[in-house]
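Asker: this is the structure alone, sequence omitted:
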């Protein structure tokens, strides 16, 4: 980290949820904070890992339980459901369409914007194990795979820490 | 803002959820913090906007998708479901009744108490667009409609920031 | 509190959710922060009270509504469902099995670890009333029963406050 970055105000965000609406909220706050000059890290944990998963590829899991969880728990920023009114996809499709009509960026665009603004993406090691995902199933935008100590270390110095 | 307020410890709360239990938790923390001398702002975003929606009235939305979402997503502090055990309204009715028996304030009363204690209500501009709500569908207690930069600006200076 | 503790960096965590995955996230962060020398308090509120409930025992509630809620809302760290893919218990059973295979501590073990590391457990008075639970239905590891003012007092001085 440069000396300049070390002096910036920090923001540490845990994204635990794998739902489209919560991911949008997290990225809206993260990109805004980065644009306002903050040094932002998002820690993707549990279902939040779905946001930074490739739609396909990655080493298939070894055990039958991991494979079964993998079939249920499909990831990829384009495939996240809403936390309410998903309605087998209809509600989620409508909300995405409304956002396009209003020329709002979709989640994959916000992920790219976040990277351009220097937001760091950290995937939680422990959660990868619990959900049965391999590291190579994550998108290349992920900067690091680390444990809770990395989050606590950042959050402790941060001006803003949020659990979403 | 007066010089006095500028020196007060700040608290910045995002209320993302539109569920009764989470709204009660948010208002319990907000009113307590305000009573303890903090300068508190609640940012209502996504389903949290339902907490500060009028039960009826407001400009009806223009498109069919907005109207359909509006039918599904009914707002108003009296009509919020529980996040668990809503049970078509039975569980929610029981919990409200238990609260009355124990002489606890209901959510609409806590909203009024929060205003009396000087808690600021800010509605998220972006979310209004995504959900397809007009500003005049919000209750008059709302102080401002603003974007994520307003939240980040407050949270960055705050002693306590929470995402609920 | 000793003079030494008073100087430690504080962390204040609200555990609102009664789901296994969120409880694991909360305890992972809490134990990590405590191991890193922070002074950590977890405030158990609403469904989060289920994490610190005995599996049986405690004064049975007086009213029929409290008894009905008690039947629906079963507590105990071993009985919490996942927030997603609970699937009548199958998904939750699979995730617990995956965690055992990977030699990760289960929630009851993390609760004990947290206590050994000096994490304070505070149960929310108001929530006990709303859900209709008596104090003696909580596990003995609970240090105190207190209101929102206790949380706000801690969070205001804390380096990290999270709502989970």
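Answerer: It's in. Predicted model only: the values in this text are computed from it and were never measured.
Asker: what residues does chain A have near chain B?
Answerer: Counting by Cβ under 8 Å from any Cβ of the partner chain, the residues of chain A close to chain B are A:9, A:11, A:21-22, A:24-25, A:28-29, A:32-33, A:35-36, A:38, A:83-85, A:91, A:94-95, A:97-99, A:101-102, A:104, A:159-164. C-beta here means a position set from N, CA and C on the backbone, and glycine is covered the same way.
Asker: from residue A:31, how far off is residue A:112?
Answerer: 10 Å (Cβ to Cβ, to the nearest Å).
Asker: before we move on, what about residue A:39?
Answerer: 13 Å.
Asker: one step back: which of the residues of chain A next to chain B fall within strands?
Answerer: Using DSSP state E, the members of these that fall in strands are A:11, A:160-163.
Asker: for chain C, tell me which of these show up nearby.
Answerer: Restricting those to those near chain C - Cβ under 8 Å from any Cβ - leaves A:161-163.
Asker: from these, pick the one nearest chain C.
Answerer: Nearest to chain C among those is residue A:163, at 4.3 Å by Cβ to the nearest Cβ.
Asker: count of neighbours near the closest one?
Answerer: By the criterion of other Cβ atoms under 10 Å in any protein chain shown, residue A:163 has 27 neighbours.
Asker: what's across from it in the sheet?
Answerer: residue A:14 (DSSP bridges).
Asker: check contacts around it.
Answerer: Shown in contact with residue A:163 (Cβ atoms under 8 Å, 6 or more residues apart in numbering or on different chains): A:14, A:16, B:163, C:25, C:162-164.
Asker: what does residue A:53 give?
Answerer: For residue A:53, counting by Cβ under 8 Å, 6+ apart, the contacting residues are A:75-76, A:133, A:137-139.
Asker: a markdown table for the residues you listed, including secondary structure, pLDDT and distance to residue B:128?
Answerer: Compiled in a markdown table, these are given as follows (DSSP: H, G, I helix; E, B strand; the rest coil; pLDDT from 0 to 100; distance: Cβ to Cβ, whole Å):
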| residue | secondary structure | pLDDT | distance to residue B:128 |
| --- | --- | --- | --- |
| A:75 | coil | 82 | 29 |
| A:76 | coil | 88 | 28 |
| A:133 | coil | 85 | 36 |
| A:137 | helix | 91 | 36 |
| A:138 | strand | 95 | 33 |
| A:139 | coil | 96 | 31 |
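Asker: out of the residues you listed, the closest to residue C:108 would be?
Answerer: residue A:133 (25.3 Å; Cβ to Cβ).
Asker: Throw the ones in strands among the residues of chain A next to chain B into TSV and include distance to residue B:44 and pLDDT, thanks.
Answerer: Formatted as TSV, these follow (distance: Cβ to Cβ, whole Å; pLDDT from 0 to 100):
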residue	distance to residue B:44	pLDDT
A:11	21	98
A:160	18	97
A:161	21	97
A:162	16	98
A:163	18	98
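Asker: what subset of these is buried?
Answerer: A:11, A:160-163 (16 or more other Cβ atoms under 10 Å in any protein chain shown).
Asker: could you look up the SS state of residue A:122?
Answerer: strand (DSSP: H, G, I helix; E, B strand; the rest coil).
Asker: dump the residue contacts of it.
Answerer: A:41-44, A:142-146, A:150-151.
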